[in-house]
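Below is the structure, and that's it, no one-letter string:
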């Protein structure tokens, strides 16, 4: 498809016309790779309510909207996926995965589009990627029991360990309470207080450092429609929280997002046990896929029975912002070439942390 027949326009997301919003919903419904709640128009609306840098690149051909790319656009012309550090999955909302998004971006005011977790099934992201990796998923389309049996056949030892933990908890004599749709505000507050403490304890980046991210979680918790729902699930032992998870779901996909457990109950493996109850409940409620996200994590590899590829990289046009980001990549590459052991990774980690901070605040 020739790029010349495509016209582009960058607009504040709140400024999308009724026709463009209708096109968003229609194209998403036609493209099964966009079933994640990340691609729901309502998710973008919630972010736009909290972040003034929320924009959409609108691709039009012969007067018809053929694609929309939601993003966070900085004053420096650096564009990043919708949601900043909260955006595990992203991409073009379109029913045509072959559209030349790179040409569209280079004709816009975005000097750099820095993406992580973009759908590699979309041709531009696959072509422009510096890295492609699997994003793990659980296919529940055949039911919970079929998935569990599949995992038993793949790793019998892991499933025996899970059953042993289930027996240990059930035979403990303790009072066990699962809430798969916990609507208590105090449980939500406790979950995220614990999650932020976990970030501090492990020296991980706190994705809730910006108030807009904290507000978005509250908005999602209160947002309950078939297209987008915030979901808090909890496990209590003797009336005390032992594990919790906050995610979001669309009509058919649950995005596994923010799990946490309380260390004093670690010997029971409460996070894993809560996950199994969530999977059982979600399968019964019509969810056919749970997205676990990318990352070489033992938990994900053992439980996943499916995956899809996501891409990380940059789409650039000549600019000062592009030069600065290229220079930072050069510094990281040079440092990694030096015979200085683990210190070789420090510049890259520091630069990545600064970039994540900029994404959180829209800088």
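Arrived safely, thanks for sending. Predicted model only: the values in this text are computed from it and were never measured.

Could you check how far the spatially closest residue to residue 19 that is not a sequence neighbour is from residue 184?
The shortest distance from residue 19 to any non-neighbouring residue, by Cβ to Cβ, 6 or more residues apart in numbering, is to residue 65 (6.9 Å). (Each C-beta comes from the backbone N, C-alpha and C, glycine too.) Using Cβ to Cβ, to the nearest Å, residue 65 is found at 41 Å from residue 184.

Comparing the two, which residue is more hemmed in?
Taking neighbours as other Cβ atoms under 10 Å, residue 65 and residue 184 compare with residue 65 leading, 22 against 11.

you'd agree that one is in a helix?
No. Counting by DSSP: H, G, I helix; E, B strand; the rest coil, residue 65 is not part of a helix but strand.

so it bridges to which residues?
Beta bridges link residue 65 to residue 60 when assigned by DSSP bridges.

just the one 4 residues further on next, same as before
Counting by DSSP bridges, residue 69 forms beta bridges with residue 57.

neighbours around it, how many?
30.

and if you look at residue 49?
Using other Cβ under 10 Å: residue 49 sits among 15 other residues.

again with the one 10 residues further on
Burial of residue 59, expressed as a neighbour count using other Cβ under 10 Å, amounts to 27.

same thing with residue 272?
Residue 272: 18 neighbours (other Cβ under 10 Å).

That one touches residue 162, doesn't it?
Yes. Residue 272 is within contact range of residue 162, at 6.5 Å (criterion: Cβ atoms under 8 Å).

ok, residue 40 - contacts?
28, 227-228, 250 (Cβ atoms under 8 Å, 6 or more residues apart in numbering).

what's the answer for residue 25, then?
Going by Cβ under 8 Å, 6+ apart, the list of residues near residue 25 reads residue 41.

State the distance from it to residue 234.
32 Å.

Residue 180 too?
Taking Cβ to Cβ as the measure, residue 180 falls 8 Å from residue 234.

more neighbours, these two?
Set residue 180 next to residue 234 and count neighbours by other Cβ under 10 Å: residue 234 wins out with 23 against 18.

helix/strand/coil for that one?
strand.
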